[in-house]
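S.K.: Sequence and predicted structure below; questions after.
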Amino acid sequence: MDNGNVRLTVILIAIVMIVGLTQIVPSRDPGPSESANGCSQFSPTPVLFVHGSGLSPDSWQEMIRHFQSSGYPEGYLLAVELEPNDGDNIRAAEELIKNAAQQLESAAETASGRSGCDGAAPDRIAIVAHSMGSVSSRWYATVIAPENVSALITLAGSNHGTDELCGFSGEGNAQMCPAFSDDEQRNHVQTELNGTPSRPTDETPYGRGLDGDPSLSVRPDAERRILYVTVYLDPDRWIRPTESALLDGAGTGTETNLPDVYGVVETTSGNYRFTGDSTHDGLPEHPQVCQFVHYILTNWID
């Protein structure tokens with residue numbers, strides 16, 4: 001074979017190889033709707049953040065930044081503003097949290113649909129609440145729309161009220177006083193959520209955890225299934241007594257095998273004492289707490 005034929009043969013082989021490679025290797029990265037896993041970025045649960053008495057959506061800046069840096073898509077994170085920030089918990093739930101939840105659901109659907117992943121966004125949301133925001137969030141999750149909530153995580157939550165707010169102005173603060181109130185006429189919010197000695201109730205209805213008194217348990221069903229988790233401080237400047245923050249029936253109902261990196265200790269099922277250095281108001285922005293909440297929402301939602 002002369003040199004000319006050799007060169008021609010080499011050129012033909014190269015052309016065949018190039019054509020074959022272009023059929024195997026895409027010329028660009030596939031978009032979300034072009035590959036089997038392309039829409040998986042829209043699978044995380046949208047998260048609604050609810051601040052506490054006297055605070056604002058700014059409480060959640062660090063946690064939102066952490067979620068964004070961890071890959072949460074745009075439109076999946078929303079911090080609601082409760083106005084007034086010490087107002088009635090029932091109104092906060094029925095109007096402000098309800099409206100914000102609908103806004104979040106719509107934004108998540110739009111975000112996935114815009115990328116060609118219609119239907120990829122979960123049809124329920126998670127709520128992460130701080131301090132008194134835990135009470136209005138529980139009212140929304142258990143009384144108004146349990147079918148819309150997959151998880152409720154409370155941080156330094158005044159779940160059974162707090163004696164520290166006695167004497168403060170604001171209807172919401174009054175509803176927190178005293179802790180563990182059993183006066184149904186004076187304190188309908190606490191007694192509806194937590195019951196009274198004469199009228200006990202399930203504090204975590206539709207929850208996945210195991211209740212202390214199984215006879216009171218309102219178990220999950222086909223439409224309503226909620227993961228309850230609490231993170232609390234001991235001592236806590238604003239939650240007194242400390243056990244007010246805990247919820248009976250919290251947890252997954254199964255062993256969780258939590259990695260030992262988040263600075264929390266599970267004291268009772270689903271109730272975690274934070275052992276790091278934090279104040280009450282600073283708990284939602286502590287890096288370990290941000291990581292723990294993110295871990296819960298990406299590993300324990302079913």
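M.R.: Perfect, I can see it now.
S.K.: Please name the nearest non-neighbouring residue to T242.
M.R.: D234 (4.6 Å; C-beta to C-beta, 6 or more residues apart in numbering). All C-beta spots, glycine's among them, are computed from the backbone N, C-alpha and C.
S.K.: Surely that neighbour touches Y272?
M.R.: No. The criterion here is C-beta atoms under 8 Å, and D234 misses it with Y272 at 10.9 Å.
S.K.: Of these two, which one has the most company?
M.R.: Using other C-beta atoms under 10 Å as the criterion, D234 and Y272 rank with Y272 on top: 25 against 14.
S.K.: in a helix, that's where V231 is, yeah?
M.R.: No. Counting by DSSP: H, G, I helix; E, B strand; the rest coil, V231 is not found in a helix; it is strand.
S.K.: for it, what are its contacts?
M.R.: The contact partners of V231, taken as C-beta atoms under 8 Å, 6 or more residues apart in numbering, are 153-156, 264, 272-274, 283, 289, 292-293.
S.K.: So which of these is surrounded by the most neighbours?
M.R.: A156 (33 neighbours).
S.K.: I'd like to know how far it sits from G116.
M.R.: Separation of A156 from G116 (C-beta to C-beta, to the nearest Å): 41 Å.
S.K.: and if you look at I301?
M.R.: On the measure of C-beta to C-beta, I301 and G116 end up 24 Å apart.
S.K.: Between these two, which has more neighbouring residues?
M.R.: I301 (17 against 13).
S.K.: Where does S112 sit: helix, strand or coil?
M.R.: Strictly by three-state DSSP, S112 counts as helix.
S.K.: count of neighbours near it?
M.R.: Neighbours of S112 (other C-beta under 10 Å): 24.
S.K.: Please apply the same query to S106.
M.R.: The number of residues packed near S106 is 12, by other C-beta under 10 Å.
S.K.: For the helix or strand where it lies, list every residue counted as buried.
M.R.: For S106, the enclosing helix or strand under DSSP states H and E is helix 98-114. By neighbour count on 16 or more other C-beta atoms under 10 Å, the buried set for helix 98-114 is 98, 100-101, 104-105, 107-109, 111-112.
S.K.: Then stretch 115-127?
M.R.: Within stretch 115-127, the residues that count as buried by 16+ other C-beta under 10 Å are 115, 117, 120-122, 124-127.
S.K.: For the residues you listed, give me CSV that also has pLDDT.
M.R.: Converted to CSV, the buried residues of stretch 115-127 look like this (pLDDT from 0 to 100):
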residue, pLDDT
S115, 89
C117, 94
A120, 92
A121, 92
P122, 93
R124, 97
I125, 98
A126, 98
I127, 99
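S.K.: quick check, nearest of those residues to A93?
M.R.: Lowest distance from A93 to the buried residues of stretch 115-127 (C-beta to C-beta) belongs to I127, with 10.5 Å.
S.K.: Could you pull up phi and psi at that closest one?
M.R.: phi -120, psi 130 (degrees, to the nearest 10).
S.K.: who does it bridge with?
M.R.: Beta-bridge partners for I127, by DSSP bridges, are L48, L152.
S.K.: dump the residue contacts of it.
M.R.: 47-50, 97, 137, 140-141, 149, 151-153.
S.K.: ok, 6 Å please
M.R.: Taking C-beta atoms under 6 Å, 6 or more residues apart in numbering, we find I127 in contact with 48, 137, 152.
S.K.: again with S137
M.R.: By C-beta under 6 Å, 6+ apart, the contact list for S137 reads 50, 127, 129.
S.K.: Could you pull out the helices in the stretch 101-250 of the chain for me?
M.R.: Assigned by DSSP state H, counting those that start in this stretch, the stretch 101-250 of the chain shows helices spanning 133-139, 171-175, 188-194.
S.K.: Most tightly packed of those?
M.R.: The highest average neighbour count among the helices of the stretch 101-250 of the chain, using mean count of other C-beta atoms under 10 Å, belongs to helix 133-139 at a mean of 28.
S.K.: pLDDT (mean, whole number) over it?
M.R.: Mean per-residue pLDDT for helix 133-139: 98.
S.K.: again, but for stretch 46-63
M.R.: 98.
S.K.: same check, this time on stretch 258-274
M.R.: What stretch 258-274 shows for mean pLDDT is 96.
S.K.: what stretches of the stretch 1-150 of the chain score poorly on pLDDT?
M.R.: 1-37 (pLDDT under 70).
S.K.: Tell me where it has strands.
M.R.: For the stretch 1-150 of the chain, the strands defined by DSSP state E, counting those that start in this stretch cover 47-50, 77-80, 125-130, 149-155.
S.K.: any idea how far the third one is from the chain center?
M.R.: Yep, that's strand 125-130 we're talking about. The chain centroid and the centroid of strand 125-130 are separated by 4 Å under C-alpha atoms, centre = their mean, to the nearest Å.
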